[in-house]
Every structure is written in structure tokens, then in C-alpha cells.
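>>> Got a sequence here, can you build the structure:
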Amino acid sequence: MIYRSKAPLRIGLAGGGTDVSPYCDLYGGAILNATISLYAYATIEPLALPEIIIEAVDREETVSYDRSDSLPIDGQLDLACGAYNYIVKKYGPVPSGFKLSTIVDAPAGSGLGSSSTLMVAIIGVFAEWLNLPLGEYDIAQMAYDVERVELAMAGGKQDQYAATFGGVNFMEFYHDNKVIVNPLRIKQEYLFELENNLLLYFTATSRLSSTIIEAQSQNVKDKNKESIEAMHHLKEQALMMKEALLKGNIHDIGSILDFGFRYKKQMAKGISNSSMDEIYETALKAGATGGKISGAGGGGFMMFYCPGNTRYQVKKALENFGGEFRAYQFTERGLVTWSI
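Modelled structure (predicted):
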């Protein structure tokens, strides 16, 4: 028997950064995001030998260990090792050796939540193999606990919930890890128009998001007024985006994105840089009405809202920057698992 899972990556449309502690613990956070047709995949093949093999196919990395109840956390495929350790600690030893293989459709540091989505896919495939009684909130919280608590990787809470639930969601974040996922019933024609006009652009660079997130968290701890006010405005942006999508005011989205872009840069140093600012201003001059940096910032993907047929002028204007546009579609389903 082979066990498989896949979980979708996401684009954050508004509120980015307000899901990060301690801001959300103190003030409450709000995010609006949508999953897209790029995925993290995981496969488990039970083995007759007492061996554990972990393989990141897309990164061409493989580690192997004698079967054990605890794998080393040493910088080599730590997400998979951390998930395994947590599951064994919580549910007991697995029934046999196994090979765990993973693939992600976007590189780490891309700003699409790839690391957390991979964690969700890994927990999902273990749940499928071991028949664990886990609901959507359970899986998302477990993914958060492994990544943020056990492995001490800096970051927010939205990615794990987006990957698990799927679709377009307005999410609320509070203290004590309280998360409320509100699925939005958006008319199909509004989503088609958003999909048509929202370009996803990979800057051909990746970044270590933890450095930026740690600076953002420190600004809240230090009561940095400019940074905290910026986060308040981004939370407001999430509400603005929610209303625009539900009411079909799609062409307001460019200005709402631009509103967020201006404030996001005030949360912490390194979120944007001169190159990304130049790309952004070039896109606006070519006809985009707004955009954003995906994820923590500093590199990875950017998005641009291009009304009418301006997407073609924007693509042409950005040709000389060395990045690439990535095709996608919005998806309704989150984590799925199966066996064969």
C-alpha cells in the first residue's frame, strides 16, 4: 500500500503579518488568503526493513536512518524529521520502516507558504497511513506546533490553516492559539475576474523569512509605534478586501493592495528593497493599480492587480527584471489524502 497527500499553497491577499505573535496575541489579527493550484505533495511507502528514508525529490536531498522513535534535527530535512518525532511522541511508534518522499511546486522562501504547506502535507500523509483521528483544525494546529514550537521556526499562523482548509478564507487570530477560519462564499464570476487580473510574479530570488519575521515580532515587543500602527492598518486592509470580494467591487482591489503595500514596508526592515520597489513602480506605470509582496517579503513572489487588459503591458514592462510569471488557478479544496 502507498499513502499520499497533497496540500495547496496560498496567496495572501490582505492582512499579512497580523497572524504573527505577539501582535495577534495582544491585538488580534486578521488575514484574507486564497489557495492556488500549486501544491506540496507527500508519499509514504512502508518498508519491510527497519529503516527510515526521507527524500525531498525536488531538492535532490535524501537522508536515511535506522528505525528509531526520534530522528535528529540537524538541518537536514528538519520539517519531515520534526513531524515524525512529534507524531511518535503523541501517538506511539509507527508499525514499520518507511520511505517518505516530498515535492513542492514552489521553492522555499517564495512567500507562498511552502514550508508550512509541506508540513501540512507531511502530517496528512502520516494521518492517512496511521489512521489518526484528526480534523482540519487539529492538523493545522499540529503543523503550527511542530514548525513554530518544536522546531522554533519563526513565522505566522495563516499558512497551516490555508493549506488544510483550502479556498478563500477570512481568518481571525487571537491569544492562546485561538484561530477562526471563515470560508467566504464569493461569486464565481468575481473569482474569475480576480484570477484574470491578478498576476503572480516570481522575482527569481528567495529569502529567509524568519529573519524578517523575528524583526517584526521584536518591533511589537519593543512597542515600536510605527510598526504596530502599520499592522493595525493591515488588519483594516483584510476587512476592506473581504468587503470588496463579497460585494463584487473587484476593481477596488488594486487600490486595497497598494494600501497594504505601503504599510507592510513599515512593519520591519528588509520587507522590501530597492529592486522590489523598482519592480513595483514599473508595474504601476505599465497599468497595474496595486500589488503586494507575498509572504514575509525580501524576495520570492510579488502580485500585481492589472484591470482591463493591462496585464499584457505589465508583463512586457517587467521582462528586463529577470523574473517569471507563474500561471495558477484558485482552488476550493485544502489538504487531501488517499491510499492505493
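>>> And the strands in the stretch 201-340 of the chain, which stretches?
290-293, 301-305, 324-325, 336-339 (DSSP state E, counting those that start in this stretch).
>>> So which bits of the last one are buried?
In terms of neighbour count (16 or more other C-beta atoms under 10 Å), strand 336-339 has its buried residues at T337. (Each C-beta comes from the backbone N, C-alpha and C, glycine too.)
>>> I'd like the strands of the stretch 201-340 of the chain laid out as TSV, including distance to T102 and mean pLDDT.
Below are these laid out as TSV (distance: least, C-beta to C-beta, whole Å; pLDDT from 0 to 100):
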stretch	distance to T102	mean pLDDT
strand 290-293	26	93
strand 301-305	20	94
strand 324-325	23	91
strand 336-339	14	98
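>>> Turn the ones you listed into a markdown table, columns for distance to A7.
What follows is the strands of the stretch 201-340 of the chain, written out as a markdown table (distance: least, C-beta to C-beta, whole Å):
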| stretch | distance to A7 |
| --- | --- |
| strand 290-293 | 22 |
| strand 301-305 | 18 |
| strand 324-325 | 23 |
| strand 336-339 | 8 |
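>>> So for L100, which of those sits nearest?
Taking C-beta to C-beta as the criterion, strand 336-339 is the member of the strands of the stretch 201-340 of the chain that comes nearest to L100, at 13.6 Å.
>>> how far does the closest one sit from the chain's center?
Using C-alpha atoms, centre = their mean, to the nearest Å, we find the averaged C-alpha position of strand 336-339 to lie 21 Å away from the chain's own average C-alpha position.
>>> Identify all contacting residues around it.
Residues from elsewhere that reach strand 336-339, judged by C-beta atoms under 8 Å, 6 or more residues apart in numbering: M1, I2, Y3, R4, S5, K6, A7, G124, V125, A127, E128, W129.
>>> Strands - which of those land there?
For these, the ones inside strands are Y3, R4, S5, K6, A7, with DSSP state E as the criterion.
>>> ok so, going back, of the contacts of strand 336-339, buried ones?
Listed as buried from the contacts of strand 336-339 are Y3, R4, S5, K6, A7, G124, V125, A127, E128, W129; burial here means 16+ other C-beta under 10 Å.
>>> can you point me to the longest helix in the protein?
With residue count as the measure and DSSP state H as the assignment, the chain has helix 225-247 as its longest helix.
>>> So which elements touch that one?
Taking 3 or more C-beta pairs under 8 Å, 6 or more residues apart in numbering; DSSP states H and E as contact, the helices and strands that helix 225-247 lies on are strand 3-14, helix 23-27, strand 29-47, strand 168-173, helix 209-221, helix 253-264.
>>> can we see that at 7 Å?
Helices and strands touching helix 225-247, by 3 or more C-beta pairs under 7 Å, 6 or more residues apart in numbering; DSSP states H and E, are strand 3-14, strand 29-47, helix 209-221, helix 253-264.
>>> For the second one, buried residues please.
Residues of strand 29-47 classed as buried by neighbour count (16+ other C-beta under 10 Å): 29-36, 38-44.
>>> That strand - what's its average pLDDT?
Confidence over strand 29-47, taken as the mean pLDDT, stands at 97.
>>> Now do that strand against strand 3-14, angle only.
With axes from the mean of the first three to the mean of the last three C-alpha atoms, to 10 degrees defining the directions, strand 29-47 sits at 160 degrees from strand 3-14.
>>> Could you tell me the angle between strand 29-47 and helix 253-264?
Between the axes of strand 29-47 and helix 253-264, defined by the same axes, to 10 degrees, the angle is 90 degrees.
>>> Next SSE downstream of strand 29-47?
Stepping forward along the backbone from strand 29-47, the first helix or strand reached (DSSP states H and E) is strand 51-56.
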